[in-house]
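Visitor: requesting a structural model of the entry that follows:
(chains A, B and C)
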Amino acid sequence: METEAYPVGDAAGHAFRGQTRRNGSLYLTRGHAYVYFIYGMYYCLNVSSERAGIGAGVLVRALEPIEGIELMKERRGSSPVRDLARGPGRLTVAMAIDMRDDGVDLCTDPSLWLGVADSEYRGRVSATTRIGLSRERSRAWRFYERGSAFVSGPRLVSARSAS
DNA sequence: AAGAAGATTCGCT
DNA sequence: GCGAATCTTCTTA
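Guide: The predicted model follows:
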């Protein structure tokens, strides 16, 4: 798995300039989905990360497919398993995530939810700077499973930045 | 009202 | 490596 944090006060975050129609789900209680449409073509999935009324979240950039691989291949058009969900746009295609999922509670909704990581993944997380930003480039707020082939960007550990 | 940029991906050079 | 695809949001270049 690969994620990027967009915490409160982050100038690169969608909630930096306050709540809008688009980013409203970032202001839901932690654990809700924030889905937005980007580049006229792709959806991106985020998880709200603060209490109600505070806008912050985590972008889910990549996943390692475990189950439902055939279905994901159908949606993605026969791409290699490694590429099914390696990248935020690919991930939402493979999972059939769109604006209908915006605002759902990922802790209780039967259609889309988050589980808890197996203990074997604990301690296997590394960090780098985030991808594709023009602001706050130096923050090492991208997190991924060290050694995994199912991540979308650099797998090197960058120098830790002050936070 | 109009234009530019954007947490991307894919295909072609 | 570069540009197209294609649309929402924010800013006024």
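Visitor: and chain A, which of its residues are near DNA strand B?
Guide: A:4, A:6, A:12-15, A:26, A:34, A:38-42, A:44, A:46, A:57, A:59, A:76, A:79, A:83, A:87-91, A:130-134, A:152 (C-beta under 7 Å from any atom of the strand). C-betas here are computed from N, CA, C, even on glycine.
Visitor: gap between the two ends of stretch A:59-72?
Guide: 20 Å (C-alpha to C-alpha, to the nearest Å).
Visitor: what does stretch A:129-136 give?
Guide: Using C-alpha to C-alpha, the two ends of stretch A:129-136 sit 9 Å apart.
Visitor: one more: stretch A:110-122?
Guide: First residue to last in stretch A:110-122 (C-alpha to C-alpha) measures 26 Å.
Visitor: then stretch A:107-115?
Guide: So stretch A:107-115: terminal residues 8 Å apart, C-alpha to C-alpha.
Visitor: do stretch A:124-135 as well
Guide: 28 Å.
Visitor: chain A: helices as residue ranges?
Guide: A:69-76, A:88-95 (DSSP state H).
Visitor: could you list which residues are in contact with A:Asp102?
Guide: A:25, A:33-36 (C-beta atoms under 8 Å, 6 or more residues apart in numbering).
Visitor: quick check: the gap between it and A:Val47.
Guide: For A:Asp102, the distance to A:Val47 equals 12 Å [C-beta to C-beta, to the nearest Å].
Visitor: again with A:Trp141
Guide: Applying C-beta to C-beta, the value for A:Trp141 to A:Val47 is 14 Å.
Visitor: middle-most residue in chain A, spatially?
Guide: The centroid of chain A falls nearest to A:Val60 when counting by C-alpha atoms, centre = their mean (1.1 Å).
Visitor: how many residues are close by the closest residue to that one other than its chain neighbours?
Guide: In this structure, A:Val60 finds its nearest non-sequential neighbour in A:Leu45, 4.8 Å apart by C-beta to C-beta, 6 or more residues apart in numbering. A:Leu45 has 25 neighbouring residues, counting by other C-beta atoms under 10 Å.
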